[in-house]
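[1] Return atomic coordinates for the entry below.
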Amino acid sequence: MSDQLNFRQILKETETLAPEDGAPIFKFASVGDHVVAKFVGRRRDVKTKQGTAIALDVEILASTVVGDKSVTGPHSVFESGHITQLLDRANLATGDVFVLRLDSVDRKSRFKKFAFKKVTDTNGSDGEPPDDVPDEENPFA
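    Predicted coordinates:
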């Protein structure tokens, strides 16, 4: 009977289990709001009051929120058209760290323009080779 599930143990182990899609929403409301975040994933066709949207799921590592307290931890961001363009080009993988900052908002169209920079790849690289990689011309140097 060792193969039998221990339901009481399962209940105890899942007491603090967070609901899916339960992350708070981070909204870029003011020019200058920005985050350093770890990419978790993107969810397409998320139903909203205005229709469907793309949700960007992140782990915010640091943030600046103009006129308010900074936030960290798991968050979701509803992608604007410009965020979608930037992320489609960046081809982020789970674990990549990036910066996203609201740069400007067009007064007439309300188009939000963002600055984006990929900081690290999933292997933790910041674009620089590790110090312990041998020189190709002299591998014993």
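
[2] And Ser104, how far from Ala62?
    22 Å (CB to CB, to the nearest Å). C-betas here are computed from N, CA, C, even on glycine.

[3] buried set for stretch 48-65?
    Using 16 or more other CB atoms under 10 Å as the test for burial, stretch 48-65 gives Ala53, Ile54, Ala55, Leu56, Asp57, Val58, Glu59, Ile60, Ser63, Val65.

[4] got it, and stretch 24-38?
    Under the neighbour-count criterion of 16+ other CB under 10 Å, stretch 24-38 has Phe26, Phe28, Asp33, His34, Val35, Val36, Ala37, Lys38 buried.

[5] end to end, how far does it reach?
    By CA to CA, to the nearest Å, the extent of stretch 24-38 from end to end equals 15 Å.

[6] Name the residues that touch it?
    Residues outside stretch 24-38 that contact it (CB atoms under 8 Å, 6 or more residues apart in numbering) are 58-67, 71, 74-78, 80, 95-105, 112, 114-115, 119.
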